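> I would like to see how this sequence folds:
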Amino acid sequence: MPSAQKQPSGPLQLAPQDVSSRTRKSSGGEVDPYETPDLYYGPQTDPSNRHTHWGRLRTLSSVFPRRVSPVQFNPTFLEGDPNKTKGVTEDRTSHATNGLFDFGDDESVISDEDEEDNAEAARKHTEQAAAHNHSPRARRGSRITDQIKAVFRRKKLESHLGAHGEAFFSQAEDLGEHANAPHHRDVSPDDESDFEEDELAANAASPSNSTGSLLALENQLRTNNYVIGMPRSGVTSPVNRSTDELGNLTRIQNKVRESRKSDAAADVVSLASTIGSEGSTKSETDAEPVSTRPSSQNLLSRSEEALSTTTPRSKSFVRRYNKGIKMWNQIATSGRLQSNVFERRWIKGQEADGSSGNSDGLFAKPETSRGITPPETPRGVSTRASVLPPFVPTDSSLRRRASADDSSSKVNSKRFFISDIDATLEQLLANEDTDHNCQITIEDTGPKVLKLGTANSNGFKQYDIRGTYMLSNLLQELTIAKRMGREQMILDEARLNENPVARLQRLITTVFWKNLTRQVNQNAVLQMARDTKIKSPDARFPRIYVPHREPEQYYYYCSIAKHHPDYQLEVEYLPDKITPEWVKSVNERPGFLALAMRHRSERYGDLEGYPFIVPGGRFNEQYGWDSYFETLGLLKCDKVEPCIGMCKNFIFEILHYGKILNANRSYYLCRSQPPFLTQMALRVFNHVRLHEHREELDLLKDAITAAIKEYNDVWCCEPRLDKKTGLSAYHPDGLGIPPETEPSHFHAVLSPYCQKYGLPFEEFTRKYNDGEIHEPSLDEYFVNDRAVRESGHDTTYRLEGVCADLATVDLNSLLYKYESDIAFVIETYFNNNFVLPDGTVEKKEKWIELARLRKERMDKYMWSEEDSLYYDYNVRLGKRSAYESVTSLYPMWANLCSKEQAEKIVKNSIPKFEEFGGLVSGTERSRGEIGVEKPSRQWDYPYAWAPHQMIAWKGLSNYGYYNVARRLSYRWCYMMTLAFVDFNGIVVEKYDATSERQPHKVDAEYGNQGSGFKGVATEGFGWVNASYLVGLGYLDRMGVRALGMVTPPRDFFHHMRPSERKTYALDSKQAKLAKEINESTKERDLEFTT
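I've put the predicted structure just below:
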């Protein structure tokens, strides 16, 4: 009996040093989802950090465009004699530190060519500079300050990292039919955050990144504009020139515009003379001529006369300076920069032959490789005037970079500095969370915009975070950082704009699986043993039930109870024979059932459990058929250890509890769940053999031994086996009312009996459970209710009131798979000689014959040739059920049906269940009308469940219908992605497959697990997480890309080419047939209603 000692209020009573990282604390909203920042922001999990080893608070950005002839105009080029330079009042190092005008030219201060110069080249350069009365070009070890050196090192590191970064131009595979669109250069985040705010402002409002606007985001990737900074030290650039100098430039620009009307050769002479008369101090004998383009309005001056300084400069200095002026003018007038790779080739060509050259010859190759078609030279413009690289003008609305939310998630990403996480969270929720549920969704009516300061400006320069998707991601990142104990953080824009498919896939792989993992150890068991479903006084204390043949486990748990007396942990042996009467007797004293354990050392009692996955964040038990589907997703992530652990636990349950339990709690001891052990073990075995090059034969042998025991003792004996038909049904033992349900769950059922006996609800419940009141009709009801829960489909009108008498299609298909799997393993891995522990020898021929008989019986009793469907069979009434259920696809998963049957199912039955978001559980006709007297059931129309989708995909693939599986997987994955994008990263237990806006909202009993989080979803739901990973595996690249842009199935399928439609089984014949089936179904609905 529990002592009178004060009961701890929760897991916080446990000392921090005793709490295991795997201990489940409470609800999803209170769980710390990460142990270290590296888990979330490390190179393996962060798409914007995959090429660097820097941590989360790194100072170097790793998102760089590929290094393709970048332009660089560094302030150090302007380094002259400070005593002779006039008009320079700003400190050089202040702007050099910001990295202004530093874009990596091959003639930069510290470039690859400079590093390769030998001593002779350095000497000649020094002599040449002395002849021009100009100091030598800055090199390492010269007059550059330490601060500038640090900038140079940083920029060079960025350049090298950028060489392995994102693609410089959009790839054709990402552009589709827009592959020939103009390409633009991207700017690194370090440069971008230093620009003036007005230079980054958009000319037009841009759509937010909610459901309908991700297409605009993809289009923006193809039209990214250039942003470039100008030097502010050592030069009187147009940014800081005097009024007179700007006036000179204006007059020169006007002169250039007028000169386009005449011959280009005459323009060069005229413009040169104009520049010389307006402000030049010295002419350069080999100055390059000015060239113009009819489509631009740039000042393309390449003479030293544009300088307003009085100090003589070298030729190289003048060339670089005028090149910078030209670049600035291009931005000021056209909003973008011409590709400098063409410009540099033009310069080299001019220097080589001293002539204008042939533009076609110079640029044919690079233009062709980049998909750019050079425009023809307009009439009246000389060849010399058109030798500059061609450049496609942009629309005026795209002259400046669009707002921050239009940028790509991996290109042009800024880094935001959040100095106060709590204050930012408070402001974000106050502005955007208008329904006060700690989530930002499309249902909130806030302004959908928040300003954040950039890291490079220490928060001074601010940019907008726009749209539901970006703001909800911001809320999630802030919530995570706060739970990690952070007060400040640096956040990449790439994290907020991350492709939703990549984000959800990453979260499932690195976060959700971790937070759904449980492992029995000396600290975790104190929390796991506590039962939250039962509200009796004895249920307040944690309790462990240990099999009577496991003395070492009993010793282990008693040691834990001794070391933690405050928790009042109770450890008890189970009886040798577990009966329904004993199970009912401990319903008020529920406990956690021991699972398989392994030795940590050779010391007696030094044990630990195997890791396993729970369905949702509030669970601490391993559930039956959930584990198989979770295994499919875990193996997609190469997480083998929990899969092995779940197989071990199932084997342990069969050996000690007689069956695979609904879950390892005492009130589940009489109830099993759909059997998947053989397939689960084979999946793990094959994965380990393929990826780890070893064979887990011991695991496979133990699993087959346990499966044979389960087959004989549970599914193929009474009361579950119907001897007349040879088919099996869900029919568990048990007495009384299931204690794990909510108190009001059976209120409507029991109210008439309470009135009959004139007793209050609680008193009638107690007397009925104790056997003082006998009601045969009520007994039958609860037998069927327990059978529904054993089937895993609780609840549905398909099984309500009749489940114990139904030989279901899904159960018998699973048993057929048991039979065929056991035959395969015995023949393949044990030489057709499998010896059981009692000495019995199993041969493949026995199991092949059992499988053949089951197939014959299912075809006889369940298959409808007229409807092309398998129906459940009522063994008591001796007739088929009329309920059309998606479980009729289980025979295809088990390879049970013939090719002809499979073809009929695909052509005639799939359209009955296919809806906007995938396959629904049953047809609307079978469910009937819903009202007050007949509420919705969660396993009926219009709800869709992850296990049904995965079963269907695999079954279709078994018979070669990969295209149909691809189409259905796109529907399901789109529905998940839609809810994830529009509703704060939500991943729930089930979905409404008919809802195109709010598929996660379910109006049925039990609600929807996974939707009650605060701020950030940290677990998702087990088999739903797995279904997303498995579903992506069925999609081709086109489907994944469309999914990332949240393209509805209707739009995605409608705009396909004929060849592409075939890959999704969208040919006209199939569409016509589906329409005919739907029309005939409506006619049958009318007849059924009548």
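> any weak-confidence spans in this structure?
Along the chain, segments meeting pLDDT under 70 span 1-313, 331-412, 1068-1090.
> quick one, domains of it?
Per the TED database, the structural domains of the chain span 415-498, 506-715, 746-803, 913-1055.
> how far does the last one stretch from start to finish?
Start to finish, the residues bounding domain 913-1055 are 24 Å apart (Cα to Cα, to the nearest Å).
> before we move on, the earlier item: from the domains of the chain, which stretch is densest packed?
For these, the largest average neighbour count (mean count of other Cβ atoms under 10 Å) is found in domain 913-1055, namely a mean of 21. Where C-beta positions appear, they are placed from N, C-alpha and C, glycine not excepted.
> how about Q505, what does it touch?
When contacts are counted by Cβ atoms under 8 Å, 6 or more residues apart in numbering, Q505 touches 1028-1029, 1032.
> hang on, the earlier thing: need the domains of the chain in a markdown table with distance to V886, can you?
Conversion of the domains of the chain to a markdown table gives the following (distance: least, Cβ to Cβ, whole Å):
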| stretch | distance to V886 |
| --- | --- |
| domain 415-498 | 29 |
| domain 506-715 | 14 |
| domain 746-803 | 10 |
| domain 913-1055 | 5 |
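> which of these sits closest to Y870?
Closest to Y870 of those, according to Cβ to Cβ: domain 913-1055, at 11.6 Å.
> what's the end-to-end length of stretch 866-883?
Chord length of stretch 866-883, first to last residue, is 15 Å (Cα to Cα).
> would you mark the buried spots in it?
Going by neighbour count (16 or more other Cβ atoms under 10 Å), the buried part of stretch 866-883 is 867-875, 880-881, 883.
> nearest to Y757 among those residues?
Taking Cβ to Cβ as the measure, Y757 sits nearest to N874 out of those, at 31.9 Å.
> and that closest one, what does it touch?
Residues in contact with N874, defined by Cβ under 8 Å, 6+ apart, are 802, 805-807, 880-881.
> looking at those, which one is closest to S921?
Lowest distance from S921 to the contacts of N874 (Cβ to Cβ) belongs to S881, with 14.3 Å.
> K451 in helix, strand or coil?
Put simply, K451 is strand when judged by DSSP: H, G, I helix; E, B strand; the rest coil.
> hang on, it packs against R466?
No. Assessed by Cβ atoms under 8 Å, K451 is found out of contact with R466, at 10.1 Å.
> ok so, going back, could I get the contacts of Q505 in CSV, plus columns for secondary structure?
Converted to CSV, these look like this (three-state DSSP):
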residue, secondary structure
Y1028, helix
L1029, helix
L1032, helix
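> distance to L778 for the residues you listed - can I get that in JSON lines?
What follows is the contacts of Q505, written out as JSON lines (distance: Cβ to Cβ, whole Å):
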{"residue": "Y1028", "distance to L778": "42"}
{"residue": "L1029", "distance to L778": "44"}
{"residue": "L1032", "distance to L778": "47"}
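> so which of these would you say is closest to P447?
The nearest member of the contacts of Q505 to P447, counting by Cβ to Cβ, is Y1028 at 31.6 Å.
> which element is the residue nearest to the closest one when sequence neighbours are not counted on?
Spatial nearest neighbour of Y1028, chain neighbours left out: M976 (5.5 Å); criterion: Cβ to Cβ, 6 or more residues apart in numbering. Taking DSSP states H and E as the definition, M976 sits inside helix 962-982.
> next helix or strand past that helix?
Later in the chain than helix 962-982, the nearest helix or strand by DSSP H and E is strand 990-992.
> partner strands of that next one, with direction?
strand 943-945 (antiparallel) (DSSP bridges).
> beyond the strand it pairs with, next helix or strand please.
helix 946-958.
> ok, and what's touching that next one?
Residues outside helix 946-958 that contact it (Cβ under 8 Å, 6+ apart): 625, 629, 632, 792, 886-887, 889-895, 906, 918-919, 921, 962, 964-965, 968-969, 972, 990, 1021, 1023-1024, 1026-1027, 1030-1031, 1034.
> how about it as PDB, C-alpha atoms only?
The C-alpha coordinates for helix 946-958 follow below in PDB (Å, rounded to 0.1, in the frame of the first residue of the first chain):
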ATOM      1  CA  ALA A 946      -1.700   7.300 -42.500                       C
ATOM      2  CA  PRO A 947      -1.700   3.500 -42.200                       C
ATOM      3  CA  HIS A 948      -4.300   3.100 -44.900                       C
ATOM      4  CA  GLN A 949      -2.300   5.300 -47.300                       C
ATOM      5  CA  MET A 950       0.900   3.300 -46.800                       C
ATOM      6  CA  ILE A 951      -0.900   0.000 -47.100                       C
ATOM      7  CA  ALA A 952      -2.400   1.100 -50.400                       C
ATOM      8  CA  TRP A 953       0.800   2.500 -51.800                       C
ATOM      9  CA  LYS A 954       2.600  -0.700 -51.100                       C
ATOM     10  CA  GLY A 955      -0.200  -2.900 -52.400                       C
ATOM     11  CA  LEU A 956      -0.400  -0.900 -55.700                       C
ATOM     12  CA  SER A 957       3.300  -1.200 -56.100                       C
ATOM     13  CA  ASN A 958       3.200  -4.900 -55.600                       C
END
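> tabulate the contacts of N874 (TSV), appending distance to D940 and secondary structure.
Shown next, in TSV, are these (distance: Cβ to Cβ, whole Å; DSSP: H, G, I helix; E, B strand; the rest coil):
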residue	distance to D940	secondary structure
V802	15	coil
D805	19	helix
L806	15	strand
A807	20	strand
R880	19	strand
S881	14	coil
